[in-house]
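Asker: need the 3D shape of this:
(one chain, ligands or ions: 1)
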Amino acid sequence: MIKLIKSTFYNEKLTKKQLCDFILKTEQLSIGKHCAQFEKDFSKWQGRKFGLMFNSGSSANLALIQVLINLKKIKAGDCVGFSAVTWATNVMPLITMNLKPVPIDIELETLNISSKKVEESYKKHKFQCLFITNLLGYCSDLDKIRNFCNNNKILLIEDNCESLGSVYKGTKLGNFSFASTFSFYVGHHLSTIEGGMVCTNDREIDTMLRIVRSHGWDRHLTPFEQKKFRKKYKVDEFYGKYTFYDIGYNFRPTEIQGFLGSNQLKYLNTMVNKRESNYKQFEKIYSNPDFVKMNTKGLTKISNFALPLICKDKSTRDKYIKKAEKVGIETRPIVAGNINNQAFFSKYVNKKFSLKNAERIHHTGFYFGNNPDMTEKEVRFLVKTFQ
Ligand SMILES: Cc1ncc(COP(=O)(O)O)c(C=O)c1O
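Answerer: Residues are numbered from 1 along each chain as shown. Model prediction:
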């Protein structure tokens, strides 16, 4: 069986052994220096000033939206545009925080929202914030989207949970926005079993993220920032330990996740390159006229954890899914498909949006896995099956 996820970690046997040794030797397993080290090294790898680790990518996304609310960068009732093909937990915080979610249709050939689609939607909805998802290692014209957001004072945030390592016009995805999120769930590019990160160059965002991540208190702020808060709220040393400044959660990772992050970061370039080289083989599949050919203009590195195939119609997709099942290839829908068709969305957002391409993907798309442990034989087999 060619499964989506082949192993929990890269270099799995050794990593598990090192993890056991770490657990036996370490004194502290709750958040501490290993999480801090990983944050420092990961944000450096990504090319961002600050990185803050979370217990999942979903928590990272929720925390980021909460930060924008806490800092009054957006407020209840504001419209937030987002990619119509994304992960459900990107949209759920928008609903629970009384923001107005506006799904924006994607382009079939890039799987992502383009500046054209953003502009069209903006004319109608005038969103204050755009929450873009870089889906499955791809993007559309992100540079133009960024310019459009800058020119219209739209706050751009970026979910890069599926595209760690992809590069568009010389810039890593995840660096086009004010703040970006990452997931380290098993099967994503780098695994800490569960885990996430928010990266930003903005100190104020990083500080509020620390508050939101940890109950709303100031324990993980720098001493300088901590002093500032305690002074502003007239809090003494004793009560400083149990003072809660703003809306927060407990989204802290453990030292196990921090340790795993640093351990796997050593392999990140290798993993990204391996996925890219698999992708170059998989691209041959797009010569099959049954599938939409992806447009990767501007993308100089494509690092995805799955290969999307959009068929000409539903019956063609069903035929390929059956075939995959028969020969032992695991497949999935293209993420959440059209978000408009998801039960939670219909329940809480009483509005239908016209999302032609997302709808097409919903009914005619599927993906199979791309992971760095795939053998050449498996890659050849996948190409042969679908080409
Ligand atoms: C685009 C995207 N964002 C966010 C998430 C959530 O990440 P996590 O599973 O770490 O909560 C996922 C999950 O797969 C995802 O695909």
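Asker: can you tell me, leaving aside adjacent residues, what's nearest to the residue nearest the centre of the chain?
Answerer: In the chain, the residue lying closest to the centroid (CA atoms, centre = their mean) is Cys161, at 1.9 Å. Nearest residue to Cys161 in three dimensions, chain neighbours excluded: Ser183, at 3.7 Å (CB to CB, 6 or more residues apart in numbering). All C-beta spots, glycine's among them, are computed from the backbone N, C-alpha and C.
Asker: burial measure for that neighbour, as a count.
Answerer: Using other CB atoms under 10 Å, Ser183 is surrounded by 28 other residues.
Asker: pLDDT at it, what is it?
Answerer: With respect to pLDDT, Ser183 scores 98.
Asker: isn't it up against Asn55?
Answerer: No - the criterion here is CB atoms under 8 Å, and Ser183 misses it with Asn55 at 10.8 Å.
Asker: residues shared between the contacts of those two?
Answerer: Gly195, Gly196 (CB atoms under 8 Å, 6 or more residues apart in numbering).
Asker: picking up where we left off before, so who does the residue nearest to the centre of the chain touch?
Answerer: Cys161 makes contact with Gly57, Trp87, Thr133, Thr181, Phe182, Ser183, His188, Gly196, according to CB under 8 Å, 6+ apart.
Asker: pLDDT score for Lys124?
Answerer: Lys124 is given a pLDDT of 97.
Asker: same for the helix or strand harbouring it, what does it pack against?
Answerer: Assigned by DSSP states H and E, Lys124 belongs to helix 115-125. Where contact means 3 or more CB pairs under 8 Å, 6 or more residues apart in numbering; DSSP states H and E, helix 115-125 is packed against strand 79-83, strand 100-104, helix 142-151.
Asker: end to end, how far does stretch 194-203 reach?
Answerer: Its first and final residues considered, stretch 194-203 spans 26 Å by CA to CA, to the nearest Å.
Asker: what's in contact with that stretch?
Answerer: Here stretch 194-203 has contacts from 39, 42-43, 46, 48-61, 63-64, 161, 174, 178-186, 205-206, 209, 253, 257, 260-261, using CB under 8 Å, 6+ apart.
Asker: just stretch 370-381 next, same as before
Answerer: Under CB under 8 Å, 6+ apart, the answer for stretch 370-381 is 2, 4-7, 10, 187, 270-271, 274-275, 278-279, 281-282, 304-307, 327.
Asker: now do stretch 29-41: distance to the chain's middle.
Answerer: Averaged C-alpha coordinates place stretch 29-41 at 20 Å from its chain's average position (CA atoms, centre = their mean, to the nearest Å).
Asker: and it, which residues are buried?
Answerer: Within stretch 29-41, the residues scored as buried using 16 or more other CB atoms under 10 Å are Ile31, His34, Cys35, Ala36, Phe38, Glu39, Asp41.
Asker: just the buried subset of the contacts of Cys161, please.
Answerer: Buried among these by 16+ other CB under 10 Å: Gly57, Trp87, Thr133, Thr181, Phe182, Ser183, His188, Gly196.
Asker: does Thr254 really touch Ser30, like I thought?
Answerer: Yes - using CB under 8 Å, Thr254 makes contact with Ser30 at a distance of 6.2 Å.
Asker: ok, now which ones touch whichever residue of the stretch 1-150 of the chain sits closest to the ligand?
Answerer: Here the residue of the stretch 1-150 of the chain nearest the ligand is Gly57; by CB to the nearest ligand atom that distance is 2.7 Å. Contacts for Gly57 (CB under 8 Å, 6+ apart) come out as Trp87, Asp159, Cys161, Thr181, Phe182, Ser183, Phe184, Tyr185, His188, Gly195, Gly196.
Asker: among these, which are in strands?
Answerer: Asp159, Thr181, Phe182, Ser183, Gly196 (DSSP state E).
Asker: okay if I get those as a markdown table plus distance to the ligand?
Answerer: Compiled in a markdown table, the ones in strands among the contacts of Gly57 are given as follows (distance: CB to the nearest ligand atom, whole Å):
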| residue | distance to the ligand |
| --- | --- |
| Asp159 | 5 |
| Thr181 | 7 |
| Phe182 | 9 |
| Ser183 | 3 |
| Gly196 | 5 |
